[in-house]
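1. coords please:
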Amino acid sequence: MKFVTSMRILAAAALTTAAFGVSAQTLKLGHITPPTHVWHMVAEKIAVDLDAASGGKTKMAVSPLQKLGNEAQMINLMQAGAQQFGIFTVGGLSNREESLLGWSLPYVFKDVAHASRAAGTPAAKEMLKRLDQHGLVGLGYTFAGMRHVLSLQPVTSAKDLANKKIRSFPSPIYNDWWIANGAAPTAMPLSEVAPSLTTKLLDAVDVDLDALVGLKFHQQAPNLTLTNHMAFPAVIVVSKKWFATRSDAERAMITKVVQDAEKWGYQTAIDADVNNLKKASADGAQVVTFDIKSFQAVGGKVRDKYTAKNPLIADFYKQSKDL
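-> Residues are numbered from 1 along each chain as shown. All right, here's what the predicted structure looks like:
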């Protein structure tokens, strides 16, 4: 009986080996955020679950904080098949697929939960499909907190940012948004933000609470204005070139693992946005009372510009705003 049982175990192992290859593979997943960030947690969950689902045949090395390069460099690696997985900001990917700018329309989403629901819209799914032509397979979304303003001096209305340098994500819609509010958007890597605040090369930062808490920017700029002006998602992508070489069984396994991590990440981001505000406040961040209407006043103009120029952005806006 023991012999029969052993033979069955060996047979099962052989089937697993046939499905996923003889030798274990170690895959690369890169992103730009610190290890405390929710995107890193999602990446680690993918790694752990993929290891379990493959019976230890598929390992993953997760590299945070641009260790594999900036987003443009990592995308190039993925197009060549040298990096298998990535979690990339929609802002970075919008340089390839313009419709992803729809996620950065100001004052569309009430909170992270609202933005998470928008990920299930037909327009959001179409955005993922369009990444295929850029050598990437879009498997899902993951969210950080909503966007706010952290500043050296209190920002009580948009006029307080007049001619002030604000670290902003390098994207046309971010530039249009901050210029419309009178500020001077300045692009720089997250690693340079803290010293730039210390030396007053920056006056403020457009930031989510995940990054704020993880990198402790409030130690240089203590004033937090909860403008809540944009959502900040990323896309979980796989190299198209690499993915095409996998068996049907392996592709199905990977897709299932990512979908599970995506759903887990939604709730994790929702919870983190609440908890990170508590952490930041306890660690010295000062929440500023402000006039939100001064920011909202220009939101419509920016939205109109981008919905007029791209039909899929227009569809996404219509499908998302009333969820």
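
2. Residue nearest the middle of this structure, spatially speaking?
-> Nearest residue to the geometric centre of the chain (CA atoms, centre = their mean): Ala234, 2.5 Å.

3. And that residue, which helix or strand is it part of?
-> strand 233-239 (DSSP states H and E).

4. Listing partners with orientation, what would you give for that strand?
-> Strand 233-239 pairs in its sheet with strand 85-89 (antiparallel), strand 136-143 (antiparallel), by DSSP bridges.

5. So which of these is nearest Met41?
-> For the strands paired with strand 233-239, proximity to Met41 was assessed by CB to CB; strand 136-143 is nearest, at 9.1 Å. C-beta coordinates here come from the backbone N, C-alpha and C atoms, glycine included.

6. Just say helix, strand or coil for Asn228.
-> coil (DSSP: H, G, I helix; E, B strand; the rest coil).

7. Show the model's pLDDT score for it.
-> Reported pLDDT at Asn228 in the predicted model: 97.

8. For His40, list the residues it contacts.
-> Counting by CB atoms under 8 Å, 6 or more residues apart in numbering, His40 touches His31, Thr33, Pro34, Val62, Pro64.

9. Please repeat the previous calculation with a cut-off of 10 Å.
-> Leu29, His31, Ile32, Thr33, Pro34, Val62, Ser63, Pro64, Leu65, Ile87, Asp210, Gly214 (CB atoms under 10 Å, 6 or more residues apart in numbering).

10. per-residue confidence at the residue nearest to the fifth one when sequence neighbours are not counted?
-> Pointing back at Pro34 there. Of all residues not flanking Pro34 in the chain, Gly214 sits nearest, at 4.0 Å (CB to CB, 6 or more residues apart in numbering). Note on Gly214: pLDDT of 90.

11. if we can go back for a sec, quick one: which of the contacts of His40 sit in helices?
-> Among the contacts of His40, DSSP state H puts Asp210, Gly214 in helices.

12. could I get the strands paired with strand 233-239 as a markdown table with distance to Lys165, mean pLDDT and mean neighbour count?
-> Converted to a markdown table, the strands paired with strand 233-239 look like this (distance: least, CB to CB, whole Å; pLDDT from 0 to 100; neighbours: other CB atoms under 10 Å):
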| stretch | distance to Lys165 | mean pLDDT | mean neighbour count |
| --- | --- | --- | --- |
| strand 85-89 | 21 | 98 | 26 |
| strand 136-143 | 27 | 98 | 25 |
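
13. Quick one: closest of the ones you listed to Lys241.
-> strand 136-143 (9.6 Å).

14. starting at the chain centroid, how far to the closest one?
-> 9 Å (CA atoms, centre = their mean, to the nearest Å).

15. right, and the helix or strand after that strand?
-> strand 147-151.

16. From the contact counts, what lies against that following strand?
-> Under the contact definition 3 or more CB pairs under 10 Å, 6 or more residues apart in numbering; DSSP states H and E, strand 147-151 sits against strand 165-167, helix 172-180, helix 193-198, strand 204-208, helix 209-215, strand 223-225, helix 248-282.

17. Go through these and pick out the most buried.
-> Burial of the helices and strands packed on strand 147-151 is given as mean neighbour count (mean count of other CB atoms under 10 Å); strand 204-208 ranks first at a mean of 26.

18. Sheet partners, orientation included, of that strand?
-> strand 147-151 (antiparallel), strand 165-167 (parallel).

19. Is it possible to get JSON lines of the ones you listed that adds mean pLDDT and distance to Tyr266?
-> Converted to JSON lines, the strands paired with strand 204-208 look like this (pLDDT from 0 to 100; distance: least, CB to CB, whole Å):
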{"stretch": "strand 147-151", "mean pLDDT": "98", "distance to Tyr266": "18"}
{"stretch": "strand 165-167", "mean pLDDT": "98", "distance to Tyr266": "27"}
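
20. wait, which of these is closest to Ala123?
-> strand 147-151 (20.7 Å).

21. now the strands paired with strand 204-208 as a markdown table including distance to Thr255?
-> Listed next are the strands paired with strand 204-208 as a markdown table, based on distance: least, CB to CB, whole Å:
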| stretch | distance to Thr255 |
| --- | --- |
| strand 147-151 | 30 |
| strand 165-167 | 36 |
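
22. Could you say which one of the ones you listed comes nearest to His218?
-> Nearest of the strands paired with strand 204-208 (CB to CB): strand 147-151, 6.3 Å.

23. All set, thanks.
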